[in-house]
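S.K.: Can you look at this prediction? I've put the sequence above it.
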Amino acid sequence: MKSFSVDPEGLNEIIINMVDVETVRKLALSFPETAEQDHWGRPSFSVKKKIFVTVWLSEKRAVLKLSLIDQSVFTEYNPEIFYPIPNAWGKKGWTFVELKKVRKDMLKDVLNLAWRGAAPKSLLKE
C-alpha cells in the first residue's frame, strides 16, 4: 500500500513543475532553424537571427517575445508565472516566465507562440 504525505505548502508541486535550463534549451532547439547564442551573457534562442527567448540563469526565468494578445492571455491566466517585463520592452510583448513554477507543457506552448512570432512566414508554411 502506498502512503501519501500531506504537503500543506505545495512544495512538491513546485518541485514537480520546475523546469530547468536544459529543458528550455531542448524545447527551444526543437523548433526549425533555431540557433543558440550568447545575448549579453545569457543563452538566447533565435530563428533567422530574431531572438524569441532568452534564459536568465541565476534568476531561473526566461524572457519570451509574445504578441501583446498572447502576453495578455498568459499573464491573465497566471501572473505569478507570466508577467510583462516592467519597462518599455514589456509593452512590446517581452514577457517573463518563472521556470520554477511553469509546467513543461505550458512552456512548450508559449515557446511555440514566441517562435512563430519570430519566424519568417516562409518558414511557417513548412
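M.R.: Thanks, I have it.
S.K.: Now the phi/psi pair for the closest residue in space to Arg42 that isn't next to it in sequence, please.
M.R.: For Arg42, the nearest residue in space outside its immediate sequence neighbours is Thr54; the separation is 5.2 Å by Cβ to Cβ, 6 or more residues apart in numbering. In this view, the C-beta of every residue, glycine as well, is placed from N, C-alpha and C. Reported as degrees, to the nearest 10, the phi and psi values for Thr54 are phi -130, psi 140.
S.K.: what's across from Thr54 in the sheet?
M.R.: Per DSSP bridges, residues listed as beta-bridge partners of Thr54: Ser44, Val63.
S.K.: quick one: low-confidence ranges for this structure?
M.R.: Within the chain, the segments meeting pLDDT under 70 span 1-17, 126.
S.K.: Please enumerate the strands of it.
M.R.: Using DSSP state E, the strands assigned to the chain run over residues 34-39, 42-47, 50-56, 61-65, 82-84, 94-98.
S.K.: Of those strands, flag the one that's most buried.
M.R.: Compared across the strands of the chain, strand 61-65 shows the largest average neighbour count, a mean of 23 (mean count of other Cβ atoms under 10 Å).
S.K.: ok, and what's touching it?
M.R.: The contact list for strand 61-65 (Cβ atoms under 8 Å, 6 or more residues apart in numbering) reads 24, 51-56, 85, 92-100, 107, 110-111, 113-114, 117-118.
S.K.: let's see it at 6 Å
M.R.: Identification of contacts with strand 61-65 by Cβ atoms under 6 Å, 6 or more residues apart in numbering yields 24, 52-55, 93-99, 114.
S.K.: Give me the buried positions along the top helix by length along the chain.
M.R.: Within the chain, and with DSSP state H defining each element, the longest helix by residue count is helix 104-118. Burial within helix 104-118, assessed by neighbour count using 16 or more other Cβ atoms under 10 Å, is assigned to 106-108, 110-111, 113-115, 117-118.
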